[in-house]
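# Have a look; sequence and predicted model below, questions after that.
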Amino acid sequence: MPLNNERPSVGDDQISDTELSERCDSVTSSSDYECSRQSFTSDSSSKLNSPASSPPQVVTFDELMAATGNFSNLTLAHEIVVNDNFRIDEIDLPPNSLERRVKEVVHKAFWDCLESELKEDPPEYEHAMKLLEEIKEILLSFLSTGANRLRNQICEVLDIDLLRQQAEHDTVDIRGLAGYVITIMGKLCAPVRDEDVKKLKATTDIVPLFREIFHVLDLMKMDMINFTIQNLRPHLQHHSVEYERETFQQILDTLPSGLDHTTEWIKESVDEVSASVPSAPSSSPGAECHSNSIPSPTSVLNNGFLKLLHWDYEKKVIPEEKCDDLENRSCRSNIRIVGIPEGMEGRSMETFVESLLPKVLGEDTFPRRLEIERAHRALRPRPGPGERPRIIIAKFLRYQDKTLMTDETRFRELQQRLDQLKTVAAVLVITYNMLNSAIEGLPEFANRLKKTVAILLDGMHSQVFNLEEALKSIGIQICSEVNKSLLDRGCSVLSTETQGSLIGQLCSIPQEDNPIRNLINDRIQLYLKKFLSISSSSKCAPPVPGGLSAIQSELELIGAQYASVVNFNKQVYGPFYAGILRKLLFTEAPRETAPTGTNSL
């Protein structure tokens, strides 16, 4: 992808303290080197590198809403940049949902009222004027800045003040105005809407005509939004790294604890990588043996990103929060809610706040259920009638970091696709190991089996899916197809013991200690790790490990998408990661051996 600049290749071997300082900066792309250096020396950066030392701060409801607005913009811009297929579609509410029923009732009441007004003698045009005024605003919103002639024409024909005067004297031509609106819509709509506009001209009743006009206008608005997104994408791609980094800094200014989870996530990765790096013997007598065994920052980050493919997203936030200094951090996740009438919370204040915030801030703001640790009214006497209600103070059980939240959906999708791919590979390996002689003369058997298994495993991550039953069905189908092939070639069918053993081994794939599944998982992890180590500008995928050739095309596609998401995330949040890495890794080394250039960073 053009977004990912070439990233320096960094090994995972032992490094010196001086090399560590250089490699912390290599976390960001080469094009962002100066920007990352400036961010380390700025005042705001000092807050980022020491989340545990900043004073407790109460986050007010207004500040939370402002941070939520920033994050919504950040999420939207990020989605436009990384998802070439991103578009806005018309919301289709569920048939029996409350929202749909309310919408239908309100719309029916409006159109019935319009119809009754137009049938009066003389007709009333109050609702018709509102419709024309709204239509005028929508049509004008479609025009570019240079379309002055058409803009003036629309304003002249749909002059609401003049039309109201005509309505008072019953001289307004509603049908003629509707015909003019349809003509303008035909000039402004995308070619895909030509047929919809043509159907409008065949509608004779005025009320259904206006209803269909608004429906087509809604479709045109969606077309205009998606056209704007398409034109905006190159600009966002050019400035996306800087924009997302600045927007995230604004979020941190409002929520100082915004890097707590990221720090813990990286710390876990540091501990894992450090445990796997052998200590080098010291060249000087009396020196600490671990002074030269500091892990590479790149290997730490790559290991952290690989952990996300095994993350339990239902139980853990991304990254996971494990606050050790609860007293120092106790006020950071607090919010104050003002203006809620007394008694509205019912019996449980925590449950009330958990349901209130998604309604006010939007369901999309909280990808998973919001958890409130405690909530209560301000500790003062209950106000009397007419007095201002006491404020509500609520504390989040966990408030998720945003460094990875914009890509959480993508990581979850990649995780699910990988899980399904591992299962497919395990089925293929077991089948060929046990039935190699029986299926040796079936060259297309592997492809057919792979497609069949993928279809039967569709939806395997849903709560109602029974993986063991699905694998049992796969085993029965494999035995049936192999037996049919053997009979066609005049051979004996599989024995009952062989069929039972095959089905039993397939049903054991989901077990955590299954050796075949674990072997496939280790090889896929190694493959993805190599994907993160190659240059982002390289068009060649690393070689697929042995035993995975049957899923090579699918694995290469997932690897490319995974590396793209990770590399872009590193470009955006590299300076924040580098500050955390420097702090965590230098605590492992003696202070007197820290490189002299560290302070300048």
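In hand now; what should we look at?

# and Ile335, that one's in a strand?
Yes: under DSSP: H, G, I helix; E, B strand; the rest coil, Ile335 sits within a strand.

# Strands along the stretch 401-550 of the chain, start to end?
Applying DSSP state E, counting those that start in this stretch to the stretch 401-550 of the chain gives no strands.

# pretty sure Glu272 contacts Asn302?
No: in this structure, Glu272 is not within contact of Asn302 by C-beta atoms under 8 Å, at 11.3 Å. Where you see a C-beta, it was placed from the backbone N, CA and C, and this is true even at glycine.

# got the contact list for the residue nearest to Tyr527 when sequence neighbours are not counted?
Sequence neighbours aside, Pro545 is the residue nearest to Tyr527 in space, at 5.7 Å (criterion: C-beta to C-beta, 6 or more residues apart in numbering). Going by C-beta atoms under 8 Å, 6 or more residues apart in numbering, Pro545 touches Arg523, Ile524, Leu526, Tyr527.

# Out of the residues you listed, who's the most crowded?
Ile524 (22 neighbours; other C-beta atoms under 10 Å).

# Quick check: nearest residue in space to Leu584, chain neighbours excluded?
Val270 (5.2 Å).

# Likewise for Leu150?
Leu143 (6.2 Å).

# Give me the three-state assignment for that neighbour.
Per three-state DSSP, Leu143 ends up coil.

# which regions of the stretch 251-400 of the chain sit below the pLDDT cut-off?
255-257, 277-292, 313-334, 361-370, 396-400 (pLDDT under 70).

# one more time with 50
282-291, 320-332, 399-400 (pLDDT under 50).

# doesn't Cys507 make contact with Leu471?
Yes: applying C-beta under 8 Å, one finds Leu471 in contact with Cys507, separated by 5.0 Å.

# Neighbour count: these two, which is higher?
Higher neighbour count among Leu471 and Cys507: Leu471, with 26 against 17, using other C-beta under 10 Å.

# for stretch 114-129, what is the average pLDDT?
For stretch 114-129, mean pLDDT rounds to 89.

# outside of that stretch, which residues touch it?
110, 113, 131, 160, 163-164, 167, 170, 172, 174, 206-207, 210.

# pLDDT averaged over stretch 469-486, what's the number?
Rounded mean pLDDT across stretch 469-486 is 89.

# I'd like the distance from that stretch to the chain centre, please.
Remark: stretch 469-486 is offset 38 Å from the chain centroid, using C-alpha atoms, centre = their mean, to the nearest Å.

# Kindly report the same for stretch 251-262.
For stretch 251-262, the distance to the chain centre is 19 Å (C-alpha atoms, centre = their mean).

# now the end-to-end length of it.
14 Å (C-alpha to C-alpha, to the nearest Å).

# again, but for stretch 339-357
Stretch 339-357 has an end-to-end distance of 14 Å (C-alpha to C-alpha).

# List the buried residues in the helix or strand hosting Glu350.
Per DSSP states H and E, Glu350 falls inside helix 349-361. Neighbour-count burial for helix 349-361 flags Met349, Glu350, Phe352, Val353, Glu354, Leu356, Leu357, Leu361 (criterion: 16 or more other C-beta atoms under 10 Å).

# same question, stretch 189-196
In stretch 189-196, counting by 16+ other C-beta under 10 Å, buried: Cys189, Arg193, Asp196.

# re earlier: nearest to Ser437, of the buried residues of helix 349-361?
Closest approach between the buried residues of helix 349-361 and Ser437, by C-beta to C-beta: Glu354, at 60.0 Å.

# That closest one and Asn302, how far apart?
36 Å (C-beta to C-beta, to the nearest Å).

# swap in Leu532?
Taking C-beta to C-beta, one finds Leu532 at 5 Å from Asn302.

# Give me the common contacts of these two.
Val566.

# Strands along this protein, start to end?
All strands of the chain, identified by DSSP state E, fall at 334-337, 372-377, 392-396.

# quick revisit: report the two of the contacts of Pro545 separated the most.
Farthest pair in these, by C-beta to C-beta: Ile524 and Leu526, 7.3 Å.

# Run a quick check on the residue nearest to Leu584 versus Lys583, I expect a contact.
No: the criterion here is C-beta under 8 Å, and Val270 misses it with Lys583 at 10.4 Å.

# more neighbours, those two?
Neighbour count, other C-beta under 10 Å: between Val270 and Lys583, Val270 has more, with 24 against 18.
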